[in-house]
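S.K.: Here you go, sequence then predicted model.
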Amino acid sequence: KQWYQRRVREKTRRSKRAIELNKTTLLSHTPANHTTKQLNTLILTLFFVVIIEFGEIMKKTQSVYNQDDQVKEANLSSFLFGNKEEVLEKVGKETTIFQRKHKLEDNDEFEEEQKEKKEVLEPAWADKDDLQELDLVDSKHKKYKVALNEQKITGVELSERLRGTMKNLHKGDSDWASLGKKKRSEEEEVLSSVTELRGSSTVLTDFNIKYITLKEPTFDSPQKGIRSVQFNSTGELLLSLGGDKSLKLFRIDGETSKLIQGAKVPTDMQQVSYSSFGKDGAFAVVCGAAPFFQLFDFSKRSFFKVFVRKQQITGSQLSPSCEYLGLTVKAGGFLLVSMATKNVLEHVLSPEKEVRTLTFSPDSKKIYLSGSTGFIFIYNVATRKYEGRFKDQGSSSTTCIAVSPNNQYIATGLDSGHVNIYSIEDCSTQEEPHPLATFDNLITAISTLTFNHDSQLLLMASKQKNGSVRLVNVPKFTVYQNFPSQGYPPKILSAAFSPSSGFLVLGNDTHLELYRLPHF
């Protein structure tokens, strides 16, 4: 480039010298007019010569720049994508695979052959270990027991139990691993979707239920006197509140139960009795014998105190929607607290001075409460008025109430140990409804009643006697004979089903008991 510039300057100087020499010659040898015309012609000629030369120089310079850019672009392309030949080769292979795939999809004969091959698929080999019996007394296979007295199991049965555990822990479609899977019809797809919404696709047996005892979550982190337990909305986390004021959060996966977080409730709350996940599981509500309740923030790991009009709390229940908190108080009646504003909406007086227990309906629109006369009162949250009551048959004092998630049944626990199950419709229209079933398996006051997610199971327990816990098949109104196992010693203080009922946890006075329910 510099060489070309020097050449241009040199030609320009030569041109100027030539013009001056010609001008001098013309002025000395020709007339003025003729000299002027020749001079103008010469100047124009030289001007065009200079422009042409300059244009050629610029073209050559630009070509040099273009070559540099092309080299840089080629280097960058090679760095990102490889050589041009390699890129073309990859594109060609992908195009061939795409064409071949669509050609096979459009080929009806190929699809029919594949279906026939799938239908005749068989296992590649037969494992002799499947026919051998495994010793369930051995600690390695102990967790696969269904009943406590079960001692041996075949390899085939063990694989079925493991497959069932996998399907229930991972709710997606696991039929991809099955042999000879056939495409379901539209009618079968609709029925399957309805079944998935309802929960379990099969009904429970009448007298025996399968369950597997898992490792207790509190084995590595002891917790005594578990007053309250609850799973979060996904069933992966378990919240437990101990009588020693320990609040613990466990991760439950069916194999191991790992402690994620733990905290101590402040000492100014003398006794703790209830804990529950708040909305979205970001915090926990902790209640006890105090004129306030605590909110524990999991992210900040700190407690926040909320006072309630200097009323001593005796019982508590968070609504299923997490919008309201119902607190029974020593002065009588109950407090309705808004969880959005943390303010007391109303102090509801009860027709009976003492309120021993209360619970919300599944839609959080009604509250069922009872005192010491054996009547159940129905309170409407929207209108803030009582809309009815009914007599709990055979009860002088109802100690516990539970409403089924499908809003069809209401269960009441009596101080005599009896449990009644009513139809919600009958309780709304009759003052003395007849119970659908009454269970007298327990002989001490009922302290715990809880339904599972699809209302097929009801757990009832009493904290006054060892082993006072039973499982009820609600549709058949029968009590399972094999639960709990023989010689079950602890007193049950709390209980909870996971959202899909795959797990059942019992909190007793010494630790947590975790069970796997293979049916769900």
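M.R.: Alright, I've got the coordinates.

S.K.: Go ahead and list the helix or strand containing Val286.
M.R.: Using DSSP states H and E, Val286 sits in strand 283-288.

S.K.: Quick check: which helices or strands does that strand pack against?
M.R.: Applying 3 or more Cβ pairs under 8 Å, 6 or more residues apart in numbering; DSSP states H and E, we find strand 283-288 packed against strand 272-277, strand 292-297, strand 313-318. Heads up, the C-betas are built off the backbone N, CA and C, glycines and all.

S.K.: So which residues of the protein form helices?
M.R.: For the chain, applying DSSP state H gives helices covering 2-29, 32-81, 84-105, 108-119, 155-169, 186-198, 424-429.

S.K.: Would you single out the least confident of the ones you listed?
M.R.: Mean pLDDT is lowest for helix 186-198 among the helices of the chain, at a mean of 41.

S.K.: returning to that earlier point: the helices and strands packed on strand 283-288: which one's closest to Ile492?
M.R.: Closest approach to Ile492 among these (Cβ to Cβ): strand 272-277, 14.9 Å.

S.K.: Using PDB, write down the CA coordinates of that closest one.
M.R.: Included here for strand 272-277 are C-alpha records, laid out as PDB according to Å, rounded to 0.1, in the frame of the first residue of the first chain:
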ATOM      1  CA  VAL A 272     -45.900 -27.500  71.800                       C
ATOM      2  CA  SER A 273     -48.700 -29.500  70.300                       C
ATOM      3  CA  TYR A 274     -49.100 -28.800  66.600                       C
ATOM      4  CA  SER A 275     -47.100 -28.000  63.500                       C
ATOM      5  CA  SER A 276     -48.000 -27.800  59.800                       C
ATOM      6  CA  PHE A 277     -46.500 -26.600  56.500                       C
END
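
S.K.: and the angle for that strand with strand 292-297?
M.R.: Angle of strand 272-277 versus strand 292-297, following axes from the mean of the first three to the mean of the last three Cα atoms, to 10 degrees, is 40 degrees.

S.K.: ok, now which ones touch Lys279?
M.R.: 322, 339 (Cβ atoms under 8 Å, 6 or more residues apart in numbering).

S.K.: Could you report the pLDDT at it?
M.R.: 85.

S.K.: now swap in Asp440 and tell me
M.R.: pLDDT, read off for Asp440, is 93.

S.K.: what does the one 4 residues further on give?
M.R.: According to the predicted model, the pLDDT of Thr444 comes to 94.

S.K.: what separates it from Phe54, distance-wise?
M.R.: Remark: distance between Thr444 and Phe54 (Cβ to Cβ, to the nearest Å) = 112 Å.

S.K.: same deal with Lys491?
M.R.: To Phe54, Lys491 is 105 Å away according to Cβ to Cβ.

S.K.: Compare neighbour counts for the two and give me the winner.
M.R.: Comparing Lys491 with Phe54 by other Cβ atoms under 10 Å, the one with more neighbours is Lys491, at 19 against 14.

S.K.: residue contacts, that one?
M.R.: Lys491 neighbours (Cβ under 8 Å, 6+ apart): 463-466, 468, 508-509.

S.K.: where exactly do the strands run in the stretch 201-350 of the chain?
M.R.: 212-214, 226-231, 237-242, 246-252, 257-264, 272-277, 283-288, 292-297, 302-307, 313-318, 324-329, 334-338, 343-348 (DSSP state E, counting those that start in this stretch).

S.K.: Enumerate the positions of the second one that are buried.
M.R.: Yep, that's strand 226-231 we're talking about. Neighbour-count burial for strand 226-231 flags 226-231 (criterion: 16 or more other Cβ atoms under 10 Å).

S.K.: Any idea how many residues pack against Lys310?
M.R.: 9.

S.K.: tally of neighbours for the closest residue to it other than its chain neighbours?
M.R.: Once flanking residues are discounted, Lys310 sits nearest to Pro291: 4.9 Å by Cβ to Cβ, 6 or more residues apart in numbering. When neighbours are counted by other Cβ under 10 Å, Pro291 registers 14.

S.K.: doesn't Gln456 make contact with Pro475?
M.R.: Yes. With contacts counted by Cβ atoms under 8 Å, Pro475 reaches Gln456, the gap being 6.3 Å.

S.K.: Give me the common contacts of the two.
M.R.: 203-204.

S.K.: Neighbour count: the two, which is higher?
M.R.: Gln456 (21 against 13).

S.K.: quick one, phi/psi of the more buried one?
M.R.: phi -90, psi -20 (degrees, to the nearest 10).

S.K.: how close does it get to Thr429?
M.R.: 25 Å.

S.K.: Equivalent analysis for Gly235, please.
M.R.: Gly235 sits at a distance of 36 Å from Thr429 (criterion: Cβ to Cβ).

S.K.: Among the two, which residue is more densely surrounded?
M.R.: It is Gly235, of Gly235 and Thr429, that has more neighbours when counted by other Cβ under 10 Å, with 19 against 11.

S.K.: pLDDT value on the more buried one, please?
M.R.: 89.

S.K.: Let the chain start at 659 from now.
M.R.: Taking 659 as the first residue, the last one we looked at is Gly893.
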